[in-house]
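Q: need a 3D model of the following:
(chains A and B)
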Amino acid sequence: MSTQIPHVNYLELGDRPHLVANECTSCGARYFDRRNACANCFGTEFRKAPIATEGILKSFTIVAFAAPGVPVPFVAGIVDCAGTSVRGNVINVDPTPEKVSLGMKVRLATYSLGTDDDGTEAIGFGFEPAA
Amino acid sequence: MASDDIWILGIAMTKFGKHSDKDIVDLGAEAVMAALTDAGVSMRDIGVLAAGNLMGGGSFGQMLQKQVGQTGIPVYNVTNACATGATALRTAIMAVKAGEVKFGLAVGAEKLAGAGLLGGGGSAKKDGNKWEPKGRFGSVAPTDGRIGTDTMPGTFAQVGMEYGHKYGGVSFELFARISEKNHAHSVLNPMAAYQKKFTLDEIMNDMMIAYPNTRPMCSANCDGAAAAVVCSGETLKTLSLEQQRRAIKVSASVLTTDPYQESCQVLPDVNTLTRNAAKIAYEQAGVSPSDLDLVELHDCFATAELVHYDNLMLCPEGGAVDFFNSGATWRTGSTPVNVSGGLESKGHPIAATGIANIWEICHHLRNEAGDRQIADAKVGLAHVIGLGSACGIHILERSGL
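A: As a prediction, this is how the structure comes out:
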């Protein structure tokens, strides 16, 4: 049985993979990285908050020209997950303007990034069309 | 003129383009010498130097002094992403405003020709390694390209598309038309890196960089420098009538950063800080957007120009698409925008941009812009955005003497 590791620490794997943010206990602002104080209200207490796995694509670009080693084309987007904005690729879709549109419904999906020498599999996330 | 007003006494830019035989010090020195001549002062008069350069190795200001005059004055080496030039100018203005110096000098210079794609990358996992969480997000592999994009064209593409999601009406063709305008404007600007007119078809069928931005819809990487000499109204009163006549009043000088917004951690918010800076600038200057005879705004990508029509309040909120479609921002329109050709055609040597756009405005206000002169220009606005973010806005007025 191989073990798995998430691509980033704010992706929680398991039966129902989802993203987790650090939420300010005072104002509810959410961050995917660590903060000493909330950028919005300067509060210093945070709790873990699960992020909705379905959302609306509120912006995207289809990157055709990227840094060396980054496979193109791919769709980069911003997803409004029930009020929390999330950055991610739109995956499992033809990366063309005909197939990707503003306001489309998407849901979190995971995929394998490969396995290392110890047999550990890294799992990445993106958003796929949710028809 | 009021004693505590701030004036641009002299200003200059190098031609933007490929200067393979010149380094940043040569370019900066060329702009400085020309700005000093334009101002009618020498390095002996200058009390402070603010020097902007983003991609060089640092200590640019001191290197520059050795090239044009070492007088022992304080140097502030400034970087603030694409707002570096405006930040340098603002630094010199603050020193004059504080009464510490009579004349301040600001310069920005950059070598960027052939730089290619900016932003993005990260080192890939090598074969045989272990997945090891690293950095702020504990990532086991690079995130650029897997969790969105770090590239500038892609980031600003999303800025424009987000506007479309919010207000509707955007399309690939709309953004391409904005680029068509700026390239057409550049034909009249001999200082521009490119003076080539493109048809809409040519723009839309050029190499796609990050949809909807094709190559001509991206700012042109190039070399260049710009410099300005500033003084107070009190100082200007002691100078010649010719200097007073050509001096340009800085009616507003504003620098802002991005305040917290819900989505700013996943897509830089270039809107709120521009809107905030614009509000402060219009209030400082006592002018309204409809008073502006021309605007140079930060069209680092065609997708960015659209949102700044709205952010600078050149149109009603949400009305940028209609505003552009009305023809208002062409040089023949009611609010000419980027008659220099903008960053897409004049070019974007990063640290020079925030002073070069002010040079463009001054050039028109002095009625010295030749073929591309906007007739009887009295008031203009120059805007830059540095991602991260910083926004610089200057409102400029002719002296009226």
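Q: pLDDT below threshold where in the stretch 101-250 of chain B?
A: Residue ranges of the stretch 101-250 of chain B with pLDDT under 70: B:122-128.
Q: right, and residue B:278 touches residue B:309 too?
A: No. The pair residue B:278 / residue B:309 is not scored as a contact, 11.1 Å apart, by CB atoms under 8 Å. Yep, even glycine has a C-beta here, placed from its N, CA and C like the rest.
Q: give me the mean pLDDT for stretch B:354-364.
A: What stretch B:354-364 shows for mean pLDDT is 98.
Q: for the stretch 151-300 of chain B, what lies in contact range of chain A?
A: When proximity is defined as CB under 8 Å from any CB of the partner chain, the stretch 151-300 of chain B approaches chain A at B:151, B:153-155, B:157-159, B:161-162, B:164-166, B:172, B:207-213, B:260, B:262-263, B:265-267.
Q: of the residues you listed, which belong to helices?
A: Applying DSSP state H to these, the entries found in helices are B:153, B:154, B:155, B:157, B:158, B:159, B:161, B:162, B:164, B:165, B:166, B:172.
Q: just flag the most distant two among the residues you listed.
A: Spatial extent of those (CB to CB) is set by the pair B:153 and B:166 at 20.7 Å.
Q: more neighbours: which of those two?
A: Neighbour count, other CB atoms under 10 Å in any protein chain shown: between residue B:153 and residue B:166, residue B:153 has more, with 30 against 15.
Q: what sits closest to that one if chain neighbours are left out?
A: residue B:210 (3.9 Å; CB to CB, 6 or more residues apart in numbering or on different chains).
Q: what of residue A:49?
A: residue A:23 (3.7 Å).
Q: phi first, then psi, for the residue minimising distance to the centre of chain A.
A: Centroid-nearest residue in chain A: residue A:88, 4.5 Å away (criterion: CA atoms, centre = their mean). Main-chain torsions, residue A:88, degrees, to the nearest 10: phi -170, psi 170.
Q: please report how far it lies from residue B:155.
A: Separation of residue A:88 from residue B:155 (CB to CB, to the nearest Å): 14 Å.
Q: likewise residue B:327?
A: 29 Å.
Q: ok, the two, which is more surrounded?
A: Using other CB under 10 Å as the criterion, residue B:327 and residue B:155 rank with residue B:155 on top: 25 against 11.
Q: pLDDT score assigned to residue 32?
A: As the question left the chain open, I've gone with chain A. 97.
Q: wrong one, I was asking about chain B
A: 98.
Q: what residues are up against it?
A: B:64, B:68, B:105, B:107, B:227 (CB atoms under 8 Å, 6 or more residues apart in numbering or on different chains).
Q: which residues touch the nearest residue to residue B:75 once chain neighbours are set aside?
A: Using CB to CB, 6+ apart and skipping residues adjacent in sequence, the residue nearest residue B:75 is residue B:61, 3.6 Å away. For residue B:61, the contact set (CB under 8 Å, 6+ apart) comprises B:49, B:50, B:51, B:75, B:76, B:77, B:107.
Q: and for residue 115, the neighbour number?
A: The chain I'm using is chain A. 14.
Q: not quite, go with chain B.
A: Quick note: residue B:115 (other CB under 10 Å) scores 14 neighbours.
Q: who are the contact partners of it?
A: Here residue B:115 is in contact with B:55, B:221 (CB under 8 Å, 6+ apart).
Q: any idea how far residue B:353 is from it?
A: 14 Å.
Q: which parts of chain B are helices?
A: B:24-39, B:60-68, B:84-97, B:152-167, B:172-186, B:200-204, B:233-236, B:241-246, B:272-285, B:302-311, B:320-325, B:342-345, B:350-365.
Q: okay, the angle between the second one and helix B:84-97?
A: In this case it means helix B:60-68. 80 degrees (axes from the mean of the first three to the mean of the last three CA atoms, to 10 degrees).
Q: and helix B:60-68, which residues are buried?
A: B:60, B:61, B:63, B:64, B:65, B:67, B:68 (16 or more other CB atoms under 10 Å in any protein chain shown).
Q: which non-adjacent residue is nearest the fourth one?
A: Nearest residue to residue B:64, sequence neighbours excluded (CB to CB, 6+ apart): residue B:28, at 4.9 Å.
Q: residues of the stretch 1-150 of chain B that sit close to chain A?
A: B:117, B:120-122, B:124-125, B:128-131, B:133, B:136-150.
Q: show the buried residues in these.
A: So, by 16+ other CB under 10 Å, the buried ones in those are B:117, B:120-122, B:125, B:131, B:137-150.
Q: quick one: residues contacting the residue nearest to residue B:64.
A: So residue B:28 contacts B:51, B:53, B:60, B:64, B:67, B:107, B:108, B:109, B:225, B:227 (CB under 8 Å, 6+ apart).
Q: for residue A:123, phi and psi?
A: phi -120, psi 120.
Q: is it in a bridge, and if so with what?
A: Judged by DSSP bridges, the bridge partners of residue A:123 are residue A:6, residue A:112.
Q: burial count for it?
A: Neighbours of residue A:123 under the rule other CB under 10 Å: 17.
Q: hang on, isn't it packed against residue A:8?
A: No. Using CB under 8 Å, residue A:123 makes no contact with residue A:8, being 10.0 Å away.
Q: and the pLDDT for residue B:368?
A: Reading off the model, residue B:368 has pLDDT 97.
Q: thinking again about what came up before, in strands only, show me the contacts of residue B:28.
A: B:51, B:107, B:108, B:109, B:225, B:227 (DSSP state E).
Q: and these, which two are the farthest apart?
A: B:51 and B:225 (10.3 Å).
Q: what sits in contact with each of the two?
A: B:28, B:107, B:108.
Q: of those, closest to residue B:315?
A: Looking across the shared contacts of residue B:51 and residue B:225 and measuring by CB to CB, the closest to residue B:315 is residue B:108, at 29.5 Å.
Q: around the closest one, how many other residues sit close by?
A: Neighbours around residue B:108, by other CB under 10 Å: 35.
Q: that one contacts residue B:353, doesn't it?
A: Yes. Contact criterion CB under 8 Å: residue B:108 and residue B:353 qualify, at 7.2 Å.
Q: any common contacting residues for those two?
A: By CB under 8 Å, 6+ apart, the residues touching both residue B:108 and residue B:353 are B:85, B:226.
Q: ok, residue B:211 to residue A:74 distance?
A: From residue B:211 to residue A:74 the distance is 11 Å (CB to CB).
Q: name the residues contacting each of these two.
A: With CB under 8 Å, 6+ apart as the test, residue B:211 and residue A:74 both reach A:62, A:63.
Q: low pLDDT regions in chain A?
A: Using pLDDT under 70, chain A drops low at A:1-2.
Q: give me that answer again for 50
A: Chain A contains no residues with pLDDT under 50.
Q: all strands for it, in order.
A: Here chain A has its strands, by DSSP E, at A:4-6, A:11-12, A:18-24, A:30-31, A:46-50, A:54-63, A:74-81, A:84-90, A:105-115, A:121-129.
Q: mind putting the ones you listed in CSV, distance to residue B:91 included?
A: What follows is the strands of chain A, written out as CSV (distance: least, CB to CB, whole Å):
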stretch, distance to residue B:91
strand A:4-6, 44
strand A:11-12, 43
strand A:18-24, 34
strand A:30-31, 32
strand A:46-50, 36
strand A:54-63, 34
strand A:74-81, 34
strand A:84-90, 33
strand A:105-115, 45
strand A:121-129, 43
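Q: any idea which of the ones you listed gets closest to residue B:245?
A: strand A:54-63 (48.1 Å).
Q: which secondary structure elements does the closest one sit against?
A: When contacts are defined as 3 or more CB pairs under 8 Å, 6 or more residues apart in numbering or on different chains; DSSP states H and E, strand A:54-63 sits against strand A:74-81, strand A:84-90, strand A:105-115, helix B:152-167, strand B:208-211.
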